[in-house]
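Engineer: Return atomic coordinates for the entry below.
(2 chains)
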Amino acid sequence: MDLLIDSLYSAVLLVMSLDPEMLTIVGVSVKISLISTLIAAVAGIPSGFGIAFGAFPYKRVVITALNTLLAFPTVVIGLFVYVFISRRGIFGPLDLLYTQKAIIIGQVILIFPVITSFTISAISRIDERYRKTAMTLGANRFQTAWVVFREARFGIAAANIAAFGRVISEVGISMMLGGNISGFTRTMTTAMALEYDKGAFTLAVALGLVLLSLSFGMNLIFNFFQGKSNP
Amino acid sequence: MSLFRIEKLTKAYDNRVVLDLPKLEIEKNQITALLGPNGAGKTTLLNMLAFLESPTSGKIWYQHKQVKFTRAEIHALRREVVLLEQYPILFSTTVFKNIEFGLKVRNIPAKKREYIITEALELVGMQDFSTASARRLSGGETQRVAIARALALSPKFFLCDEPTSSVDVENQAVIVSLLRELNETKKMSILFSTHDRSLATSLAHQTLALDHGRLATTAIENVFSATIQCDKNGAHHCTLNPNVTLISAANIPPSFKQPTRIFIDPIAIQLVSNEEQQLENNVVKGVVFQIVKENDRIKIGVDTGIRLTLLIPEEEYQRKRIIIGDTLILAIPPGAVRPVL
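Structural biologist: Okay, the predicted model is just below:
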C-alpha cells in the first residue's frame, strides 16, 4: 500500500513539475496517435459511408469481417507489419522499422476497422427520412451524403475518439515496430512497460495519470460536442 | 391537361407486387386526393411521382414527356416536384437553415434566399420561429415548417402524404386552407393521400382510390351510380335503385345514356326520430350492419336497399346507443348529394 501511495505522490509531483522526459514521451505519444487517427479517419469515414450506402454482393460479409477486426490483437498487427518492413521484408529498403512511421502504419491498421465499423453503425442509425428529404428537396448524391454525414456527425466523432483512445493506450505495435527508442519512438505505454521492468514506478504512474487525464479530456470534448448537437 | 400519365405501371419488392396500375392520369393545376387504407400502395405511388423510386415496369409521362429514370433526368425532375412526408423530419439545425437547404442546392443567391424563406414562413404562420431549433418544435409546427420548406422551392407539383393525419384539429384547418389557397392563387398542382374521405371530397377536384395496390372504383364509400332527372321545379332527382330516390341540391346534368356517379357525404347524413322524419326530404330507413370507430367519429353502415355509410360524433353514438341490427331513420340533406368529380 505504501508503494502505491509513495508512487502516486511522486508521480503527481513529477506531473506538476512538467518533467522534460515525461513531456517528450507524452508529446511523441500524442503526435503519433493523432496522425494515426487522422489517416485512419480519412480512409475509414468514406469507407464506412461507401459500405453503409452501397449495395454490393457480400456486404454483410464485409461488415462481419470489419467487426471481427475490431478485436485484432496489437501484437499480431505488430508481427504482420514487421514481416513487411523488416530488412528482409518487401518494404525493407524503405527503412521504416523502429521509426514513428512504422508505429503509425501499424496503428492505422489497428483503428481503420474501428472507424469504418463505427461510421457504418452511426450512419445506419440515421433515420432514412433524412436521405429521402434531402433528395426530394433537390439534393444530388453528394449533397444527400453530406446531410446524412451532418446528422451522423456525433456518432462519427465518437468513432474517432474511440479510435484515438485505442491507439494512445496500445503497447504491442509501439513496442514491436517502434522499438521504444528514447525521445523518438518511446510512447507513454512503452515507457510505462520499461519503467515497470526497471522497477521504477514513479514515471510509470505519472504517465498513467497523464493517460487517464487525456482519456478524461477526450470524453469532455466529446460531451461538449454532443451537447452542441442538442441546442 | 394531364400532368402525369401512367401506363401499365408496377412496383414490386422482393417479387411482391405492391402497385399495379394499368392506367392513371393526374390533372395539372388541380388538387387530387389519393384515398386508400394502410398498405394500399399510396406512399409507393407518391414516391414514384416524386421521382424517388423507379417503377419495376411500365411507363410514366410527366408533362407529356416519358420519364426515363436516368440519374441526370431524375435529378432535374426532382427539382420540380416536392414530397411532404406523413411524418416529416427536419434537419437538426435551425428552422431558417432547414428551409434554406433546398434553395442552397439550387444555388439561389443569399439575399434572395432570405426573402423567400421569410415569405414561406409567413405563409405558414411561423415567421417568429426562424432562428428556433427545429428539434424543439411541436408536431404541428414541424409539419408547417416542412410545408414552408417545400413551398419555398415553388414546386410545380406538390405531393403530400397524409398531411393532416399527424396534427391537431387547429393545424389541420391551417394546412387544408393553405393547400386550397396554393391551388387557387398559384395554380399549384397538388396530390395528397388521406384516409379521410370527407377531406378528399371537400378539398380535391379529382379523387383516386387505391386498394391492395390497384385502382379501386368502389373504395370510396357512398359512391353510387344514379339516374338523374330534373322535375319542373328544377329539383334534381337521383334514382339509385327503384326504391331509393334522393333529391340533390347540386346542379347535376340529367343522365340520358349513362348513369351518373354521385357521392353522399357520410358526415352530412343525420339520424332522425320518427317524428322528425315527417319534416325532412330524402329520408331512408335501414338496418345497421356495421359499426366501426374511425378517428374521432363512429362509422355506421346502414343497409337501406343501398349500403350507406354515415359518420357520427362519438358522443351522439353513445347517447343513442346504436347496436348492430337496429333500424335507423336517416335524413340526407340535398346538399350532401353531389356528383363525383
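Engineer: residues contacting the residue in the stretch 151-300 of chain B positioned nearest to chain A?
Structural biologist: Ranking the residues of the stretch 151-300 of chain B by distance to chain A (Cβ to the nearest Cβ) places B:L153 first, at 6.8 Å. The way it works is simple: take the backbone N, C-alpha and C, and place the C-beta from them, glycine included. Shown in contact with B:L153 (Cβ atoms under 8 Å, 6 or more residues apart in numbering or on different chains): A:137-138, B:79, B:82, B:102-103, B:106.
Engineer: Give me the buried subset of these.
Structural biologist: A:137-138, B:79, B:82, B:102-103 (16 or more other Cβ atoms under 10 Å in any protein chain shown).
Engineer: which one of the contacts of B:L153 sits closest to B:L203?
Structural biologist: Using Cβ to Cβ, B:V82 is the member of the contacts of B:L153 that sits closest to B:L203, with 18.3 Å.
Engineer: For chain A, see how far away the closest one is.
Structural biologist: Separation of B:V82 from chain A (Cβ to the nearest Cβ, to the nearest Å) stands at 6 Å.
Engineer: Out of the contacts of B:L153, which comes closest to A:T189?
Structural biologist: For those, the residue nearest A:T189 by Cβ to Cβ is A:L137; the value is 48.5 Å.
Engineer: Quick check: the closest one vs chain B, distance?
Structural biologist: 4 Å.
Engineer: Kindly report the same for A:R129.
Structural biologist: A:R129 is 4 Å from chain B, by Cβ to the nearest Cβ.
Engineer: where does B:R78 land on pLDDT?
Structural biologist: pLDDT, B:R78: 92.
Engineer: With the one 3 residues further on instead?
Structural biologist: pLDDT, B:V81: 94.
Engineer: picking that back up, next, the residue of the stretch 151-300 of chain B closest to chain A: secondary structure please.
Structural biologist: coil (DSSP: H, G, I helix; E, B strand; the rest coil).
Engineer: rewinding a little: for the contacts of B:L153, give me TSV that also has distance to A:G44 and secondary structure.
Structural biologist: Listed next are those as TSV, based on distance: Cβ to Cβ, whole Å; DSSP: H, G, I helix; E, B strand; the rest coil:
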residue	distance to A:G44	secondary structure
A:L137	29	coil
A:G138	30	coil
B:R79	33	coil
B:V82	35	strand
B:G102	31	helix
B:L103	33	helix
B:R106	33	coil
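Engineer: returning to that earlier point: need phi/psi at the residue of the stretch 151-300 of chain B closest to chain A.
Structural biologist: Phi and psi for B:L153, reported as degrees, to the nearest 10, are phi -90, psi 0.
Engineer: now do B:K8
Structural biologist: Backbone dihedrals for B:K8, given as degrees, to the nearest 10, come out at phi 50, psi 50.
Engineer: got the contact list for it?
Structural biologist: B:21-23, B:57-59.
Engineer: what about 6 Å?
Structural biologist: Residues near B:K8 by Cβ atoms under 6 Å, 6 or more residues apart in numbering or on different chains: B:22, B:58.
Engineer: roughly how far apart are it and chain A?
Structural biologist: Counting by Cβ to the nearest Cβ - B:K8 and chain A are separated by 25 Å.
Engineer: any idea how far that residue lies from B:Q66?
Structural biologist: Distance check for B:K8 against B:Q66: by Cβ to Cβ, to the nearest Å, it reads 13 Å.
Engineer: Over to B:L9?
Structural biologist: On the measure of Cβ to Cβ, B:L9 and B:Q66 end up 12 Å apart.
Engineer: more neighbours, these two?
Structural biologist: Legend: neighbour count by other Cβ atoms under 10 Å in any protein chain shown for B:L9 and B:Q66, higher for B:L9 (19 against 11).
Engineer: Excluding residues flanking it in the chain, which one is nearest the more buried one?
Structural biologist: B:G58 (3.3 Å; Cβ to Cβ, 6 or more residues apart in numbering or on different chains).
Engineer: Am I right that that neighbour falls within a strand?
Structural biologist: Yes - assessed with three-state DSSP, B:G58 lies in a strand.
Engineer: so who does it touch?
Structural biologist: Contacts of B:G58 (Cβ under 6 Å, 6+ apart): B:8-10.
Engineer: can I get those in a markdown table with pLDDT?
Structural biologist: Putting the contacts of B:G58 into a markdown table (pLDDT from 0 to 100) gives the following:
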| residue | pLDDT |
| --- | --- |
| B:K8 | 93 |
| B:L9 | 93 |
| B:T10 | 93 |
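Engineer: any weak-confidence spans in chain B?
Structural biologist: B:217-220, B:255-257, B:294-295, B:340-341 (pLDDT under 70).
Engineer: Name the residues of it found near chain A, please.
Structural biologist: B:50, B:52, B:75, B:78-79, B:82-83, B:89, B:101-102, B:105, B:133 (Cβ under 6 Å from any Cβ of the partner chain).
Engineer: what's the farthest-apart pair in those residues?
Structural biologist: Within those, B:H75 and B:S133 form the most distant pair, 30.2 Å apart (Cβ to Cβ).
Engineer: rewinding a little: turn the contacts of B:G58 into a markdown table, columns for distance to B:K112.
Structural biologist: Output for the contacts of B:G58, formatted as a markdown table (distance: Cβ to Cβ, whole Å):
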| residue | distance to B:K112 |
| --- | --- |
| B:K8 | 43 |
| B:L9 | 38 |
| B:T10 | 42 |
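Engineer: which of the residues you listed lies closest to B:E276?
Structural biologist: Of the contacts of B:G58, the one sitting nearest to B:E276 (Cβ to Cβ) turns out to be B:L9, at 49.8 Å.
Engineer: Hmm, the closest one is touching B:P55, no?
Structural biologist: Yes - assessed by Cβ atoms under 6 Å, B:L9 is found in contact with B:P55 at 5.0 Å.
Engineer: what's the neighbour count on residue 145?
Structural biologist: You didn't say which chain, so I picked chain A. A:A145: 19 neighbours (other Cβ under 10 Å).
Engineer: Let me rephrase: I mean chain B.
Structural biologist: 25.
Engineer: One more: A:T37?
Structural biologist: Neighbours around A:T37, by other Cβ under 10 Å: 27.
Engineer: Distance of it relative to chain B?
Structural biologist: 25 Å.
Engineer: can you tell me the helix or strand for that residue?
Structural biologist: helix A:20-53 (DSSP states H and E).
Engineer: how about the CA coordinates for stretch A:133-152, as PDB?
Structural biologist: Only the C-alpha atoms of stretch A:133-152 are listed here, as PDB (Å, rounded to 0.1, in the frame of the first residue of the first chain):
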ATOM      1  CA  THR A 133     -36.000  14.500 -47.600                       C
ATOM      2  CA  ALA A 134     -32.700  15.800 -49.000                       C
ATOM      3  CA  MET A 135     -33.400  14.000 -52.200                       C
ATOM      4  CA  THR A 136     -36.900  15.500 -52.600                       C
ATOM      5  CA  LEU A 137     -35.600  18.900 -51.800                       C
ATOM      6  CA  GLY A 138     -33.400  18.600 -54.900                       C
ATOM      7  CA  ALA A 139     -30.000  17.500 -53.400                       C
ATOM      8  CA  ASN A 140     -27.700  15.500 -55.600                       C
ATOM      9  CA  ARG A 141     -25.900  12.300 -54.300                       C
ATOM     10  CA  PHE A 142     -23.100  14.200 -52.600                       C
ATOM     11  CA  GLN A 143     -25.400  16.800 -51.000                       C
ATOM     12  CA  THR A 144     -27.500  13.900 -49.800                       C
ATOM     13  CA  ALA A 145     -24.500  12.200 -48.300                       C
ATOM     14  CA  TRP A 146     -23.500  15.400 -46.700                       C
ATOM     15  CA  VAL A 147     -26.900  15.700 -45.000                       C
ATOM     16  CA  VAL A 148     -26.500  12.200 -43.600                       C
ATOM     17  CA  PHE A 149     -23.000  13.000 -42.500                       C
ATOM     18  CA  ARG A 150     -24.100  16.100 -40.700                       C
ATOM     19  CA  GLU A 151     -26.800  14.100 -38.900                       C
ATOM     20  CA  ALA A 152     -24.400  11.300 -38.000                       C
END
